[in-house]
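Participant: Any chance you could fold what I've pasted below:
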Amino acid sequence: MDTLFLAHPTDDLAVDLTRTGIDPSALDALPWEDVFAAMRDLEAGSVANPDEGRQVGHYWLRAPDHAPTVELGEAIGSTRDAVMAFAEGVRSGATRTPDGSPFTDVLHVGIGGSALGPQLLVDALGTGPLRLSFVDNIDPDGIQRTLDALGDRLDTTLVVGVSKSGGTPETAHGITLVRRALEKRGLHAPGHMVAVTGEGSQLDVQAREEAWLARFAMWDWVGGRTSVTSAVGLLPGALAGLDVRGLLDGAGAMDAWTRAAAWRENPAAMLAGAWHVLGDGRGDRAMVVLPYNDRLLLFSRYLQQLVMESLGKERDLAGRVVHQGIAVYGNKGSTDQHSFVQQLRDGRNDFMAVLVAVLGDGAGPSAPVEDEANAGDFLQGFLLGTRRALSENDRPTITITVPRVDAAVLGGLIALFERAVGFYATLVGINAYHQPGVEAGKKAARHILDLQARVRAALTDVPQPIESLAESTGAEVVELWYVLKRLQHTGRARSERDGWRR
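Facilitator: Next up, the predicted model:
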């Protein structure tokens, strides 16, 4: 096979860079010895997140024996066992609502990685008897729509609140609103609730003091975007009846393959190297992810957070301003051949396409739809046709092939990109495991909430011009306009010809 094509020796999983236009010598020139050494140090327990002084251990989650201490490995294993036992109790009916009814639904409350991973698992692998729904935003209309959809089944709904810090505002307030909905129906809320959080967090303390049904640990060495193989993903997966052990095994098998210390033998190194070469080491190309399989619809959305939150950094590890990052977008094939593939082929040449091919048909062989070709044959035709059409116009295309979409394969895909992100971060010299931009956004949101409080206090029965309110509250006029219009539309302020009043 070509140097730029790597297939697993026993599984039908392959990474293909042959349509990228990359010269293998460009990959040879990258500092792989340093890259692989940094990853070995990370897995051995070094402080891989220097800005926060933390280890990075999501790889230990599927291989506790790789954890740097026996105690940590045992904690990982015991948490996993506790998750599985609790989920089995709920599914079997041994664990019930306070009034003795079996649970019928699970409502998962989280945001970012605390929701994206579980959503991907459930959407890709299907659900069992327990139906899962999600509150993944603080939009009151969205939360109410979810509660309305549950209707009377809220009485038999298990609520899983997920927040590592326990203080993430969107999740904390989402849990509060769901809890109020339970109480409004006369239900004993703690008997419906489970927490996945850091030990000693605000959420953990609340769950312990109120005797929630269960509490499961999140560790500070697992970031939200790499938490799907922790209790964050395992609990909803197990409650849904998914093969979570297969997920862990698949991720662990990919971890083992991507420890190979040569880029030609390491699919994650091939991906990271391609990103680096194609983007000139600066992220000059976006990544368009197109899985040709409906079960992987959310995969591109999942990768948006994993890649962009990890690699989108203002400064490198030496403190220099570098503005690194790779933009990620996508949907699925062949749907996107009727939406944005037109631009990919004929528009701006500022991207690299990542096509994900699934060899099997999932439900089994389907009947022919034209001559001897079935629907899956047509899907492959569209994928390979897109690959060829893009290549003919010098648009770089990476193709990843998997045999099917099951728990093990999905775990492997997740682990493949996790490792590629880690390799790429070392290549460009950034910290992939912190998120200062996210924290800045949270602080800015708090500033607006504080401003809203000042505005409410400043409003009187006498109308005031917006300029006067801006001066008295220390606000910028246009920003103040947004706050006032919000208050107006929720009945807490009035706009009159002479200005604003309460």
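
Participant: part of a helix, is residue 289?
Facilitator: No - Residue 289 is assigned strand when assessed by DSSP: H, G, I helix; E, B strand; the rest coil, not a helix.

Participant: show me the contacts for it.
Facilitator: When contacts are counted by Cβ atoms under 8 Å, 6 or more residues apart in numbering, residue 289 touches 299, 300, 303, 328, 329, 330, 354, 356. No exception for glycine: its C-beta is placed from N, CA and C like everyone else's.

Participant: can you tell me which of those are in helices?
Facilitator: Among the contacts of residue 289, the ones falling in helices (DSSP state H) are 299, 300, 303.

Participant: So, low pLDDT: which residues of this protein?
Facilitator: 1, 364-365 (pLDDT under 70).

Participant: Can you give the domain ranges for it?
Facilitator: The chain breaks down by automatic domain parsing into domains covering 5-53+246-428, 69-242, 436-501.

Participant: what would the ones in helices among the contacts of residue 289 look like in a markdown table with distance to residue 371 and neighbour count?
Facilitator: Written out in a markdown table, the entries for the ones in helices among the contacts of residue 289 read as follows (distance: Cβ to Cβ, whole Å; neighbours: other Cβ atoms under 10 Å):
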| residue | distance to residue 371 | neighbour count |
| --- | --- | --- |
| 299 | 31 | 26 |
| 300 | 32 | 21 |
| 303 | 36 | 25 |
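
Participant: Go through those residues and name the one nearest residue 59.
Facilitator: Closest approach between those and residue 59, by Cβ to Cβ: residue 303, at 18.0 Å.

Participant: The closest one reaches residue 326, doesn't it?
Facilitator: No - under the criterion of Cβ atoms under 8 Å, residue 303 makes no contact with residue 326, lying 9.9 Å away.

Participant: Can you pull the residues that touch both of those two?
Facilitator: If you check residue 303 and residue 326 against Cβ under 8 Å, 6+ apart, the residues they both contact are residue 287.

Participant: mind listing the helices for the stretch 301-450 of the chain?
Facilitator: If you assign secondary structure with DSSP state H, counting those that start in this stretch, the helices in the stretch 301-450 of the chain sit at 310-311, 341-346, 375-392, 407-428, 436-458.

Participant: I'd like to know which of those helices is closest to residue 184.
Facilitator: Judged by Cβ to Cβ, the one of the helices of the stretch 301-450 of the chain that comes nearest to residue 184 is helix 436-458, at 25.3 Å.

Participant: coming back round to it: residue 63: which of the domains of the chain is closest?
Facilitator: Sorting the domains of the chain by Cβ to Cβ, the top spot, which is the nearest, belongs to domain 5-53+246-428 at 5.2 Å.

Participant: Do I have it right that residue 316 meets residue 427?
Facilitator: No - using Cβ under 8 Å, residue 316 makes no contact with residue 427, being 11.2 Å away.

Participant: quick one, which of those two is more surrounded?
Facilitator: More neighbours surround residue 427 than the other of residue 316 and residue 427, with 21 against 16 (other Cβ atoms under 10 Å).

Participant: give me the element the closest residue to that one other than its chain neighbours is part of.
Facilitator: Spatial nearest neighbour of residue 427, excluding adjacent residues (Cβ to Cβ, 6 or more residues apart in numbering): residue 276 at 5.0 Å. Element membership of residue 276 [criterion: DSSP states H and E] is helix 267-278.

Participant: And residue 471, by the same measure?
Facilitator: Using DSSP H and E, residue 471 sits in helix 466-473.

Participant: So which elements touch the helix or strand following that helix?
Facilitator: Beyond helix 466-473 on the C-terminal side, the first helix or strand identified by DSSP H and E is helix 477-489. Packing contacts for helix 477-489, counted by 3 or more Cβ pairs under 8 Å, 6 or more residues apart in numbering; DSSP states H and E, involve helix 436-458, helix 466-473, strand 494-496.

Participant: try 10 Å
Facilitator: In terms of contacts (3 or more Cβ pairs under 10 Å, 6 or more residues apart in numbering; DSSP states H and E), helix 477-489 is packed against helix 436-458, helix 466-473, strand 494-496, strand 499-501.

Participant: Touching the last one from outside, list them.
Facilitator: What it means is strand 499-501. For strand 499-501, contacts defined as Cβ atoms under 10 Å, 6 or more residues apart in numbering pick out 455, 458-469, 480-481, 484-485, 487-488, 493-495.

Participant: Could I get the buried residue list for that strand?
Facilitator: Neighbour-count burial for strand 499-501 flags 499, 500 (criterion: 16 or more other Cβ atoms under 10 Å).

Participant: Out of the helices and strands packed on helix 477-489, which gets nearest to residue 181?
Facilitator: Shortest distance between residue 181 and the helices and strands packed on helix 477-489, using Cβ to Cβ, is found for helix 436-458: 23.0 Å.

Participant: Determine the angle, from 0 to 180 degrees, between that closest one and helix 477-489.
Facilitator: Going by axes from the mean of the first three to the mean of the last three Cα atoms, to 10 degrees, helix 436-458 is angled at 60 degrees with respect to helix 477-489.

Participant: in the stretch 51-200 of the chain, which spans are strands?
Facilitator: Listed in chain order, the strands of the stretch 51-200 of the chain (DSSP state E, counting those that start in this stretch) span 105-109, 131-135, 157-163, 193-198.

Participant: okay, the angle between the third one and strand 105-109?
Facilitator: When you say that, I think you mean strand 157-163. Going by the same axes, to 10 degrees, strand 157-163 makes 20 degrees with strand 105-109.

Participant: strands paired with strand 157-163, and their directions?
Facilitator: Within its sheet, strand 157-163 is paired with strand 105-109 (parallel), strand 193-198 (parallel), according to DSSP bridges.

Participant: Next: the second one.
Facilitator: If you go by DSSP bridges, strand 131-135 pairs up with strand 105-109 (parallel).

Participant: Export only the CA atoms of the partner strand, formatted as CSV.
Facilitator: Extracted C-alpha coordinates of strand 105-109, given in CSV (Å, rounded to 0.1, in the frame of the first residue of the first chain):
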residue,chain,number,x,y,z
ASP,A,105,-36.9,8.1,31.3
VAL,A,106,-33.6,9.8,31.9
LEU,A,107,-33.1,13.6,31.7
HIS,A,108,-29.4,14.4,31.4
VAL,A,109,-28.5,18.0,32.5
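
Participant: got the buried residues for that strand?
Facilitator: Judged by neighbour count using 16+ other Cβ under 10 Å, the buried positions of strand 105-109 are 105, 106, 107, 108, 109.

Participant: Might you calculate how far that strand sits from the centre of the chain?
Facilitator: Relative to the mean C-alpha coordinate of its chain, strand 105-109 is positioned 17 Å out (Cα atoms, centre = their mean, to the nearest Å).

Participant: what's the neighbour count on the closest residue to residue 163 other than its chain neighbours?
Facilitator: By the measure of Cβ to Cβ, 6+ apart, the closest residue to residue 163 outside its immediate chain neighbours is residue 171, 4.3 Å from it. Summarising burial for residue 171: neighbours were counted as other Cβ under 10 Å, giving 27.

Participant: same question, residue 413
Facilitator: Other residues lying near residue 413 total 25 when counted by other Cβ under 10 Å.
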